[in-house]
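In: quick check, what structure comes out for this input:
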Amino acid sequence: MVALDAAGEAAPWAESAGESAAPFTLVTPLARTSPLVFASPHSGRRYPAAFLAQTRVSLQSLRRAEDAYVDELFSAAAAGRAPLIAAAYARAYVDLNRDPAEIDPEMFQERLPPPPAAGAPRVQAGLGAIPRIAGDGQPIYRGKLRYAEAERRIAAVHRPYHAMLQTLVEETRAFVGCAVLIDCHSMPSCARGPNAPDVVLGDRFGASCHPTVTNLVEATLRRLGYRVARNAPFAGGHTTQLYGRPGRRVHALQIELSRGLYIDERTMLRTQGFFKVRADMARLGEALAAAELHKSLG
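Out: Have a look, this model is predicted:
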């Protein structure tokens, strides 16, 4: 496949931005008529200079954790019909799809009482709210951090992102009668085998989303030629668990796209497939909007 990015396009993720920039980007429609809300918590490309100075791995290694360009892919699905919130800061800096209590106390200089979620499998694997390992499995940091550093990242980035996402969900439910949160992600393709799915839908085995939504998304993607699986190996993360409350007319569905569909996973550059996937996500957004979900879920 042919990589399409120009050499000059490396600047946005290589920037040595300060740590006071906006924690997310938000695009909203002129009118809120759809129950859809799109979120991309792992597509951020901002790596502050102070953070990079603490790391022992290359920028390319850090970028392996990104859901690269997922915000751009799903902006086509939102396309003036729904809000889209996307992380600005990189996942390696702070992971917005983790409970802020998922902190590994062994990462810090101070002796800390174990946080409530310190024993969670993701934390033990180095993938907590402040990740310990990069996307390729290498340890990120040269040494231990001060705990105040983790608190600052959570306060400056994690909390504002989720405060805005909560507002978007609640406003949408109030305006339309229900809310359907689509949490947008990507997954490595190389480790999944030749018959692996192109897309994994995670609804926490039905707990976070009404089957009407999941069935429609799966049927639409299959019609577009994608191999689709449900809840394996990804059943949904912190976002679907936190927001998915079908009994309160709030539904949350996680969508994982195989990165091999649209980027060169070695260079992290877009391929020709990017344009097809973006067009297909636009078709998915159209199908969800045309279904008038608020009439069946509201």
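
In: pop out the phi and psi values for the residue lying closest to Arg248 once chain neighbours are set aside.
Out: Spatial nearest neighbour of Arg248, excluding adjacent residues (CB to CB, 6 or more residues apart in numbering): Arg173 at 7.8 Å. Bear in mind the C-beta positions are built from the backbone N, C-alpha and C, glycine included. Main-chain dihedrals, Arg173, degrees, to the nearest 10: phi -60, psi -40.

In: and for Ala65?
Out: Dihedral angles (degrees, to the nearest 10) for Ala65: phi -80, psi -10.

In: in which helix or strand would I find the nearest residue to it once chain neighbours are set aside?
Out: In space, and not counting its chain neighbours, Ala65 is closest to Gly135: 3.5 Å by CB to CB, 6+ apart. Using DSSP states H and E, no element contains Gly135; it sits outside every helix and strand.

In: tell me, how many residues neighbour Arg46?
Out: Counted by other CB atoms under 10 Å, the residues lying close to Arg46 total 21.

In: mind pulling up the pLDDT for it?
Out: If you check Arg46, the pLDDT there is 97.

In: you'd agree it is up against Ala86?
Out: No - counting by CB atoms under 8 Å, no contact exists between Arg46 and Ala86, whose distance comes to 11.2 Å.

In: low-scoring stretches of the stretch 151-298 of the chain, by residue?
Out: Applying pLDDT under 70 to the stretch 151-298 of the chain flags the ranges 190-194, 298.

In: now the strands for it?
Out: 179-187, 199-202, 228-230, 250-258, 263-264, 269-270 (DSSP state E, counting those that start in this stretch).

In: the second one pairs with which strands?
Out: Note on strand 199-202: by DSSP bridges, its sheet partners are strand 228-230 (parallel), strand 250-258 (antiparallel).

In: what's the closest of those to Ala90?
Out: strand 250-258 (18.5 Å; CB to CB).

In: ok and that closest one relative to strand 179-187, angle-wise?
Out: Per axes from the mean of the first three to the mean of the last three CA atoms, to 10 degrees, the angle that strand 250-258 makes with strand 179-187 is 20 degrees.

In: check the offset of strand 250-258 from the chain's centre.
Out: Centre-to-centre, strand 250-258 and its host chain are 9 Å apart (CA atoms, centre = their mean, to the nearest Å).

In: quick check: buried residues in that strand?
Out: Buried residues in strand 250-258, counting neighbours by 16 or more other CB atoms under 10 Å, are found at Val250, His251, Ala252, Leu253, Gln254, Ile255, Glu256, Leu257, Ser258.

In: got a markdown table for the strands of the stretch 151-298 of the chain, with distance to Phe24 too?
Out: As requested, those are exported to a markdown table (distance: least, CB to CB, whole Å):
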| stretch | distance to Phe24 |
| --- | --- |
| strand 179-187 | 13 |
| strand 199-202 | 22 |
| strand 228-230 | 28 |
| strand 250-258 | 18 |
| strand 263-264 | 22 |
| strand 269-270 | 22 |
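
In: Asp104: which of those is closest?
Out: Nearest to Asp104, of the strands of the stretch 151-298 of the chain and by CB to CB, is strand 179-187 at 22.0 Å.

In: among the strands of the stretch 151-298 of the chain, which comes closest to Leu293?
Out: Among the strands of the stretch 151-298 of the chain, the nearest to Leu293 by CB to CB is strand 179-187 (5.8 Å).

In: what pairs with that closest one, parallel or antiparallel?
Out: strand 36-40 (parallel), strand 250-258 (parallel).

In: can you lay out those strands as a markdown table showing distance to Val57?
Out: Shown next, in a markdown table, are these (distance: least, CB to CB, whole Å):
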| stretch | distance to Val57 |
| --- | --- |
| strand 36-40 | 24 |
| strand 250-258 | 24 |
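
In: those: which one's closest to Gln124?
Out: Nearest to Gln124 among those is strand 250-258 (21.7 Å), distances taken as CB to CB.

In: between the strands paired with strand 199-202, which one is closest to Val37.
Out: For the strands paired with strand 199-202, the distance to Val37 is smallest for strand 250-258, at 9.1 Å, taking CB to CB.

In: of all the strands of the stretch 151-298 of the chain, which one is nearest Val27?
Out: Taking CB to CB, strand 179-187 is the member of the strands of the stretch 151-298 of the chain nearest to Val27, at 13.1 Å.

In: distance from the chain centre to that closest one, please.
Out: With CA atoms, centre = their mean as the basis, strand 179-187 stands 7 Å off its chain's centre.

In: try stretch 85-101
Out: Distance of stretch 85-101 from the chain centroid (CA atoms, centre = their mean) equals 8 Å.
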